[in-house]
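K.L.:
what's the 3D shape of this:
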Amino acid sequence: MARCNLLILSFTLLLSACAAITGADLTQPSTSSTTPAPGASAPSTSSAVVAPGSITPGLAIVRPGGVDLYSAPAAQILQTAHQGLILPVLAVDGSWLEVLDSCSNPVWVKQADVDVVPKSIPQPTGNGFDLSAAVVVVDAGHGGRDWGAPGPSGTRESDFNLDIADRLRDLLLSSHDIDWATGRVEPGDSYPALAGAWMTRDTSGPEAGDFEAGLAYRATMANSVGADALLAIHNNTGTDRTLNDPPTAVFYAVSVDDSDRLASLIDAEMVRAFDAFAEDWQGSGIQGTAARVDADTGTDFYGLLRRSESPAVIIEGAFVSDPEQERLLETSVFRQAYAEGVYRGLIRFLTTSETGSEIREPELFAGNVGSPSTTNCVVPTQP
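P.N.:
Numbers count the residues shown, from 1 in each chain. You can find the predicted model right below:
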């Protein structure tokens with residue numbers, strides 16, 4: 001089924017390159033086919049921006065100078081949201097849009113004050129899938145006061161996640177050839193750039209991407225834009241055993257068809273990506289394709305996956321808590337290998353009917369996910 005590309009325009013306001021992240025070796029740039037736009041502050045992505053009223057709004061992008069957030073149409077102004085912030089659209093009321101702010105609160109904006117991105121129509125995966133019309137949401141896990149897993153030398157999982165997500169976005173927004181025998185990804189024309197790769201956190205966006213984002217906000221972004229897939233980038237903690245294979249785990253949404261196949265292909269390509277870096281790995285009992293179901297409700301345990309309407313996965317690449325893997329994560333070559341593994345798995349998922357690693361049945365889980373409450377979450381405000 002062809003994706004609607006009505007009135008697609010070049011979105012020059014959103015073109016910018018990945019900003020560097022401070023920290024050990026994190027200043028090395030990710031590979032990108034784009035060059036920075038002077039003074040750019042909006043996320044670097046590619047998608048359609050259209051005239052209000054001509055399409056079903058999917059996302060609202062805050063323009064330079066910020067935008068006022070209202071409690072209701074023409075009601076109290078709550079704050080001025082930071083330029084570049086992406087706001088998933090919940091509803092339309094005349095000239096007003098109800099959107100979700102980054103702390104997962106429903107608020108309102110004037111439609112004329114934001115750039116509107118149309119909601120897409122997901123395509124059936126498999127042979128004939130049009131990559132040039134695909135839309136994906138890349139979620140860099142954690143952010144802001146939520147660092148995720150800390151490394152032994154003081155590194156933060158959230159920083160690693162953000163850099164890897166930026167690298168994946170860059171891969172998705174440029175065309176490539178892939179040598180499937182070796183896994184090598186090179187510039188070429190075999191696999192075209194996607195129509196859109198939207199970031200929940202982006203180094204070229206508010207706070208250089210280091211802000212807190214609610215789980216509902218992250219999932220709703222994919223739902224609102226009609227994403228073909230939602231990819232959450234994470235790294236793990238809590239090693240308790242030595243493994244012969246890379247310790248990657250990819251959790252899939254039980255409630256969304258084909259999420260398990262997406263997870264199996266990403267896991268297979270991640271294992272291939274990491275194999276060259278070590279022979280022995282430290283890890284845990286969760287390895288490969290996995291799913292967790294809440295023991296009380298019977299629904300997806302992870303809030304991001306439970307809320308998603310798109311095929312969705314949470315990727316736990318390496319263990320930040322292990323000194324050896326922390327050192328690997330501090331290198332640009334390893335972070336690029338992580339991004340390329342996810343990229344290859346996604347391409348296989350979208351364009352073939354293949355399955356990768358063994359798909360394990362969901363397990364009942366009653367643990368603590370460890371994510372902090374968003375009670376004190378702060379939406380990035382325009383200076």
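
K.L.:
Helix or strand next in line after the longest helix along the chain, which one?
P.N.:
Secondary structure of the chain read by DSSP state H shows that its longest helix is helix 332-351. Going down the chain from helix 332-351, the next helix or strand is strand 363-365, by DSSP states H and E.

K.L.:
Show me which positions of that following strand end up buried.
P.N.:
Buried residues in strand 363-365, counting neighbours by 16 or more other C-beta atoms under 10 Å, are absent. Backbone N, C-alpha and C define where each C-beta goes, glycine included.

K.L.:
Burial check on residue 161, number of neighbours?
P.N.:
The tally of other residues near residue 161 (other C-beta atoms under 10 Å) stands at 29.

K.L.:
let me fix that: residue 322
P.N.:
Residue 322, neighbours per other C-beta under 10 Å, totals 21.

K.L.:
and if you look at the one 10 residues further on?
P.N.:
The local packing of residue 332 (other C-beta under 10 Å) involves 16 other residues.

K.L.:
Find me the pLDDT at it, would you?
P.N.:
The per-residue pLDDT reported for residue 332 equals 98.

K.L.:
Quick check: residue 197 is in a strand.
P.N.:
Yes: Residue 197 sits within a strand when classified using DSSP: H, G, I helix; E, B strand; the rest coil.

K.L.:
Just give the nearest non-adjacent residue to it, would you?
P.N.:
Spatial nearest neighbour of residue 197, chain neighbours left out: residue 172 (4.0 Å); criterion: C-beta to C-beta, 6 or more residues apart in numbering.

K.L.:
again, but for residue 244
P.N.:
residue 280 (7.0 Å).

K.L.:
In which helix or strand does the closest residue to residue 77 other than its chain neighbours reside?
P.N.:
Spatially, and ignoring its direct neighbours in sequence, residue 77 is nearest to residue 68 (4.9 Å; C-beta to C-beta, 6+ apart). Assigned by DSSP H and E, residue 68 belongs to strand 67-70.

K.L.:
now for that strand, which elements pack on it?
P.N.:
For strand 67-70, the helices and strands in contact under the criterion 3 or more C-beta pairs under 8 Å, 6 or more residues apart in numbering; DSSP states H and E are strand 77-81, strand 106-110.

K.L.:
which helices and strands does the first one pack with?
P.N.:
By that I understand strand 77-81. So strand 77-81, by 3+ C-beta pairs under 8 Å, 6+ apart, packs with strand 67-70.

K.L.:
Would you mark the buried spots in the strand it packs on?
P.N.:
For strand 67-70, by 16+ other C-beta under 10 Å, it's 67, 69-70.

K.L.:
again, but for stretch 82-91
P.N.:
Neighbour-count burial for stretch 82-91 flags 82-90 (criterion: 16+ other C-beta under 10 Å).

K.L.:
Need the distance between the two termini of it.
P.N.:
21 Å (C-alpha to C-alpha, to the nearest Å).

K.L.:
quick one: low-confidence parts of the protein?
P.N.:
1-54, 369-373 (pLDDT under 70).

K.L.:
Show me how the record splits it into domains.
P.N.:
Per the record, the chain has its domains at 12-118, 131-365, by automatic domain parsing.

K.L.:
which SS state does the residue nearest in space to the middle of the chain fall under?
P.N.:
By C-alpha atoms, centre = their mean, the chain has its centre lying nearest to residue 138, at 1.6 Å. Following three-state DSSP, the label given to residue 138 is strand.

K.L.:
May I have the residues that are in contact with the residue nearest to it when sequence neighbours are not counted?
P.N.:
Sequence neighbours aside, residue 165 is the residue nearest to residue 138 in space, at 4.9 Å (criterion: C-beta to C-beta, 6+ apart). Residues near residue 165 by C-beta atoms under 8 Å, 6 or more residues apart in numbering: 138-140, 199, 201-202, 233.

K.L.:
Among these, which pair sits farthest apart?
P.N.:
Distance extremes for these: the farthest pair is 202 and 233 at 12.3 Å, using C-beta to C-beta.

K.L.:
Find residues that contact each of these two.
P.N.:
In contact with both residue 202 and residue 233: 140, 165, using C-beta under 8 Å, 6+ apart.

K.L.:
follow-up on the earlier one: the buried residues of stretch 82-91: which two are farthest apart?
P.N.:
The most widely separated members of those, counting by C-beta to C-beta, are 83 and 90 (21.1 Å).

K.L.:
burial count for the residue nearest to residue 244?
P.N.:
For residue 280, using other C-beta under 10 Å, the count is 9.
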